[in-house]
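*Asks:* sharing a model prediction with you, sequence too.
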Amino acid sequence: MLADTMPRRRKKKTVRVIYPSTNPLPLRLAPLYAGHLQVFSDASQKRHGGLAAVLFATPDSEAIVRSRTVPVISSNELELQASLFALEQARDLFPSQPLALFSDNQDAVTRLNRSKVEGLSRDPELEQMLTAADLVKTLANATVCWIKAHSSCRGNILADQHAAEAAS
């Protein structure tokens, strides 16, 4: 009976400290995308929707950050909008450079890669968005990759921070 009356101990919350990589990508991934413009996209929802694109011309260069405030829509659609926004920024700032687009949203990455492999006609809504923004050629020449959210990837951390600021 005594055990039933004693208060239970609560587990201590562990605070996870993330140490960002010095380069945009962690060292284990950097060689895979050498020579590519590295572009990171993220979205956030608060009072508004926020989109962010962080671009690195080279691993040693300073980050070029672009962000935009948009109306709030569903999370996956907002992440897709962030990826398209990042492609748009890459096209405008570095028109002829090969690029690798990184997103922490698997649905957006899957949808973009599926349209590259199976053709845009399989996803008429995405085809319309890409055509309207003149991004069909940019997507065709991009490598689209998923990157784990809240990891040590400096590019992803910066994109997350700037998307949250744009959504405030």
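*Replies:* Sure, I can see it. Residues are numbered from 1 along each chain as shown.
*Asks:* and the contacts of the helix or strand where Ala86 lies?
*Replies:* Using DSSP states H and E, Ala86 sits in helix 75-93. Outside helix 75-93, the residues within contact range by Cβ atoms under 8 Å, 6 or more residues apart in numbering are 37, 39-45, 49, 51-53, 55, 64, 66, 68, 70, 72-73, 97, 99, 101, 103, 105, 107-109, 111-112, 126, 129-130, 133-135, 138-139, 142, 144, 163. In short, each C-beta sits where N, CA and C put it, glycine included.
*Asks:* now find how far off-centre that helix is within its chain.
*Replies:* Here the centre of helix 75-93 is set off from its chain's centre by 8 Å, with Cα atoms, centre = their mean, to the nearest Å.
*Asks:* so for that helix, mean pLDDT?
*Replies:* Helix 75-93 carries an average pLDDT of 96.
*Asks:* could you export that helix as CSV, CA atoms only?
*Replies:* Output in CSV follows, covering the C-alpha atoms of helix 75-93 (Å, rounded to 0.1, in the frame of the first residue of the first chain):
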residue,chain,number,x,y,z
SER,A,75,2.5,22.0,-43.7
ASN,A,76,3.5,19.8,-46.6
GLU,A,77,2.3,22.4,-49.1
LEU,A,78,4.2,25.1,-47.3
GLU,A,79,7.3,22.9,-47.5
LEU,A,80,6.8,22.4,-51.2
GLN,A,81,6.4,26.2,-51.6
ALA,A,82,9.7,26.6,-49.8
SER,A,83,11.4,24.2,-52.1
LEU,A,84,10.1,26.0,-55.2
PHE,A,85,11.1,29.4,-53.6
ALA,A,86,14.6,28.0,-53.2
LEU,A,87,14.7,26.8,-56.8
GLU,A,88,13.6,30.2,-57.9
GLN,A,89,16.3,31.9,-55.9
ALA,A,90,19.0,29.5,-57.3
ARG,A,91,17.8,30.2,-60.8
ASP,A,92,17.9,34.0,-60.4
LEU,A,93,21.2,34.2,-58.5
